[in-house]
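Peer 1: my questions concern the predicted model and sequence given below.
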Amino acid sequence: MKLVYSHPNSMILGSMSSALNHEGIATEIRNDILGGATGEIAPGETWIELWILNEAQYEAATLRIKEILAQPERDDWLCNRCQERNPATFEVCWQCFDPV
Ligand SMILES: [Zn+2]
């Protein structure tokens, strides 16, 4: 297990996680407030952590994360399946997980 990324927004973390899963990198999200483990802490005050299960994939994982973070600003996009509006940084729809 190795920590590769952390962010206070669980949706961004989830998007990052699914992008890595796409690459064949198994991930685990910790401190997810949606998981209910932390209880009282308000959203935005908890940094959620993205871990990879296989440390041998650390370089591939960090490379992919850098690629995602380096993507130029794009417009929001609408999901083809559920018509939900998604931020450009998301590679899959946050609502139905349909890829772009
Ligand atoms: Zn959708």
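Peer 2: In hand now; what should we look at? What you see is a predicted model; the values in this text were computed from it and never measured.
Peer 1: interface residues of this structure facing the ion?
Peer 2: 79, 81-82, 84, 93, 95-96, 98 (C-beta under 5 Å from the ion). C-beta coordinates here come from the backbone N, C-alpha and C atoms, glycine included.
Peer 1: put the buried members of those residues into a PyMOL selection.
Peer 2: A single PyMOL command selects the buried members of the residues of the chain next to the ion (16 or more other C-beta atoms under 10 Å):
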select buried, resi 79+93
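Peer 1: now do the helices in this protein.
Peer 2: Using DSSP state H, the helices assigned to the chain run over residues 10-22, 58-70.
Peer 1: winner for burial among those?
Peer 2: helix 10-22 (a mean of 19; mean count of other C-beta atoms under 10 Å).
Peer 1: which residues touch A60?
Peer 2: For A60, the contacting residues are 23, 25, by C-beta atoms under 8 Å, 6 or more residues apart in numbering.
Peer 1: now swap in the one 4 residues further on and tell me
Peer 2: Applying C-beta under 8 Å, 6+ apart, one finds that R64 lies in contact with 19-20, 23, 25.
Peer 1: hmm, try it at 7 Å
Peer 2: By C-beta atoms under 7 Å, 6 or more residues apart in numbering, R64 lies in contact with 19-20, 23.
Peer 1: can you list the low-confidence ranges for the chain?
Peer 2: 32-45, 71-74, 100 (pLDDT under 70).
Peer 1: where along this protein do the strands fall?
Peer 2: Per DSSP state E, the chain carries strands over the ranges 2-7, 27-30, 48-52, 77-78, 85-86.
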